[in-house]
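Participant: Return a 3D structure for these sequence lines:
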Amino acid sequence: MAESTPRTQAQEGLALLKGAILRLLAQRTDGLSNAEIADLLAIRSDYQGAQKDYLSWSVLGLLLNERRVVREGRRYFLPRCME
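Facilitator: This next block holds a predicted model:
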């Protein structure tokens with residue numbers, strides 16, 4: 001069995017994060033904010049005491065570009081056709 005490359009490992013991790021976010025949103029028809037998603041997945045970032053949550057923000061951005069989530073104000077939802 002060939003050893004995974006760092007890129008392959010990163011893409012596998014990204015796919016897992018995307019899946020986790022999509023599963024959370026499927027459970028919450030009222031949507032979730034970036035901060036709520038970061039809290040629920042225990043991936044809150046903390047740089048010099050500031051909560052930034054860039055990891056979840058970046059993954060949500062990818063999901064928005066893929067049209068797998070929609071944003072209304074500060075909340076994220078599954079598109080109506082995916083619910």
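Participant: and the longest helix along the chain, which residues are buried?
Facilitator: Scanning the chain for the helix with the most residues, using DSSP state H, yields helix 6-27. Neighbour-count burial for helix 6-27 flags 17, 18, 20, 21, 24, 25 (criterion: 16 or more other Cβ atoms under 10 Å). Quick note: C-beta positions are derived from backbone N, CA and C, even for glycine.
Participant: Kindly report the same for stretch 62-74.
Facilitator: Of the residues in stretch 62-74, those buried by neighbour count under the rule 16+ other Cβ under 10 Å are 63, 68, 69, 70.
Participant: With stretch 41-53 instead?
Facilitator: Neighbour counts using 16+ other Cβ under 10 Å place 43, 53 of stretch 41-53 among the buried residues.
Participant: Just give me how far it sits from the chain centre.
Facilitator: How far stretch 41-53 lies from its chain's middle: 14 Å, per Cα atoms, centre = their mean, to the nearest Å.
Participant: How about residues contacting it?
Facilitator: Taking Cβ atoms under 8 Å, 6 or more residues apart in numbering as the criterion, the residues outside stretch 41-53 that touch it are 17, 20, 21, 24, 34, 35, 38, 54, 55, 56.
Participant: Serialize those residues to CSV and add fields for pLDDT.
Facilitator: Listed next are the contacts of stretch 41-53 as CSV, based on pLDDT from 0 to 100:
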residue, pLDDT
17, 98
20, 98
21, 98
24, 98
34, 96
35, 93
38, 95
54, 88
55, 93
56, 96
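Participant: Out of those, which two sit at the greatest distance?
Facilitator: Greatest spacing in these, by Cβ to Cβ: 24 and 54 (17.9 Å).
Participant: residue boundaries of the helices in this protein?
Facilitator: In the chain, the segments counted as helices under DSSP H are 6-27, 34-40, 54-65.
Participant: can you list contacts of the longest one?
Facilitator: The one in question is helix 6-27. In this structure, residues lying in contact with helix 6-27 by Cβ under 8 Å, 6+ apart are 4, 31-32, 37, 40-41, 43, 55-56, 59-60, 62-63, 68-69, 76-78, 82-83.
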